[in-house]
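In: Need coordinates for the following:
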Amino acid sequence: MSKLTVISHPLIAHKITMLRDENTPVKEFRELINEIALLMTYEVTKELPLKPHKVKTPVAETEGAFIERQVALVPILRAGLGIVDALMKIIPASKVGHVGLYRDPETLNPVEYYCKLPTDIEQRQVIVLDPMLATGGSAAAAIDFIKQRGANKIKLMCVIGAPEGVKAVQEAHPDVDIYLAALDEKLNDHGYIVPGLGDAGDRLFGTL
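Out: Residues are numbered from 1 along each chain as shown. Predicted coordinates:
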């Protein structure tokens, strides 16, 4: 079974509270998502493998290290776009792919309408990005599509998740670790996370 990490930190708790507030304006909401993602990145990337590298300082030669496995960031469209910039600040050499999904109105199954990934995806640590992990259907499907294109080292990073979504992804992809800033109570009858923060995409892009 994959590992679930809920990143607990006073700064994250403070910003999550502001993020949940229905009166938080679009500009501030975007900034908060960005700041929370920045704080999460340290934990999400702490297992990246290192390779030794010698470097000469002005005083002496010493043994340092560089990251051995490069990173690919894959936001799930559209809300995942709100997280990309934060990680790019910390890992500027990352390549960025995109996965777009919609839910078939009859079958309710996720359908891929767009998938563009780096050509060397199988050599990279992939971090799938989506602010909300609700039912888990879109995340599990996106990971399916990414695996089909050769990725073999994948993590899922979301800001807020529901137990139902965590369970769905863990059952579908027991090899994919999940990182959250908050694990909420449940889903309501409409598939929204409770207490959650509403529709992250709408609040990010001002389409309420």
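In: for the protein, what spans make up the helices?
Out: 10-20, 26-44, 81-90, 137-148, 163-172, 200-205 (DSSP state H).
In: which one of the ones you listed lies closest to residue 3?
Out: Residue 3 sits nearest to helix 163-172 of all the helices of the chain, at 9.1 Å, using C-beta to C-beta. All C-beta spots, glycine's among them, are computed from the backbone N, C-alpha and C.
In: who touches the closest one?
Out: 1-2, 4, 133-137, 139-140, 143-144, 156, 176, 178, 180, 183, 185-187 (C-beta atoms under 8 Å, 6 or more residues apart in numbering).
In: Could you pull out the buried residues of it?
Out: 163-166, 168-170, 172 (16 or more other C-beta atoms under 10 Å).
In: As JSON lines, the helices of the chain with distance to residue 75 and mean pLDDT would be great.
Out: Output for these, formatted as JSON lines (distance: least, C-beta to C-beta, whole Å; pLDDT from 0 to 100):
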{"stretch": "helix 10-20", "distance to residue 75": "18", "mean pLDDT": "97"}
{"stretch": "helix 26-44", "distance to residue 75": "11", "mean pLDDT": "95"}
{"stretch": "helix 81-90", "distance to residue 75": "5", "mean pLDDT": "92"}
{"stretch": "helix 137-148", "distance to residue 75": "9", "mean pLDDT": "94"}
{"stretch": "helix 163-172", "distance to residue 75": "16", "mean pLDDT": "96"}
{"stretch": "helix 200-205", "distance to residue 75": "11", "mean pLDDT": "88"}
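In: ranking the ones you listed by burial, who's on top?
Out: Stretch with highest mean neighbour count among those: helix 137-148 (a mean of 21; mean count of other C-beta atoms under 10 Å).
In: Can you give the contact residues for that helix?
Out: Contacts of helix 137-148 (C-beta under 8 Å, 6+ apart): 74, 76, 97, 99, 101, 103, 109-110, 112, 115, 117, 121, 126, 128, 130, 133, 154, 156, 158, 165, 168-169, 172-173, 176.
In: now with 6 Å?
Out: 76, 99, 101, 110, 112, 115, 130, 133, 154, 156, 168-169, 172-173, 176 (C-beta atoms under 6 Å, 6 or more residues apart in numbering).
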